[in-house]
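> Build the 3D model from these lines:
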Amino acid sequence: MGCSHAGQNVSTPAPTAAEQASIVAYGGAGQLSNQEWGRLRSLAWPQDYRDMKGTFGFPAWRNSSADVYTLPDGAEVWIFYEGQKATRYELR
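Below you'll find the model as predicted:
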């Protein structure tokens, strides 16, 4: 199940082959605690790139349009960007 930036639950497909192929390790710890996951879900969107990094640190992986963090249960949180603005997230 995925989540849109408005907090609505939506069905989210697994990452496409192109998304998976374009992901590179970024070197950050990249794991969100349950508390950080709650904080991310309560944000008003869009958010500034620097604010996201200051709050959640660097992702485990990224591609040209998204940063990917993991949750303690192994799920992935994809945060999508348009330029320097985080516009939405998806739980995958």
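
> what's the weakest-modelled helix or strand in the chain?
Within the chain, no helix or strand scores below strand 9-10, which has a mean of 40 by mean pLDDT, DSSP states H and E.

> Do you have the strands of this protein handy? List them.
2-3, 9-10, 24-25, 47-48, 61-62, 66-70, 76-82, 85-91 (DSSP state E).

> Leaving out chain neighbours, which residue sits closest to Glu36?
Distances taken as Cβ to Cβ, 6 or more residues apart in numbering put Phe56 closest to Glu36, at 5.9 Å, once the chain neighbours are dropped. All C-beta spots, glycine's among them, are computed from the backbone N, C-alpha and C.

> Could you give the number of residues near that neighbour?
Neighbours of Phe56 under the rule other Cβ atoms under 10 Å: 24.

> any idea how far Glu82 is from it?
Phe56 sits 18 Å away from Glu82, taking Cβ to Cβ, to the nearest Å as the criterion.

> again, but for Trp37
22 Å.

> For those two, indicate the residue with more neighbours.
The residue with more neighbours, out of Trp37 and Glu82, is Trp37; 20 against 10, by other Cβ under 10 Å.

> Run through the residues that contact the more buried one.
By Cβ atoms under 8 Å, 6 or more residues apart in numbering, the contact list for Trp37 reads 71, 77.

> mind redoing it with 6 Å?
Residues in contact with Trp37 (Cβ atoms under 6 Å, 6 or more residues apart in numbering) are Leu71.
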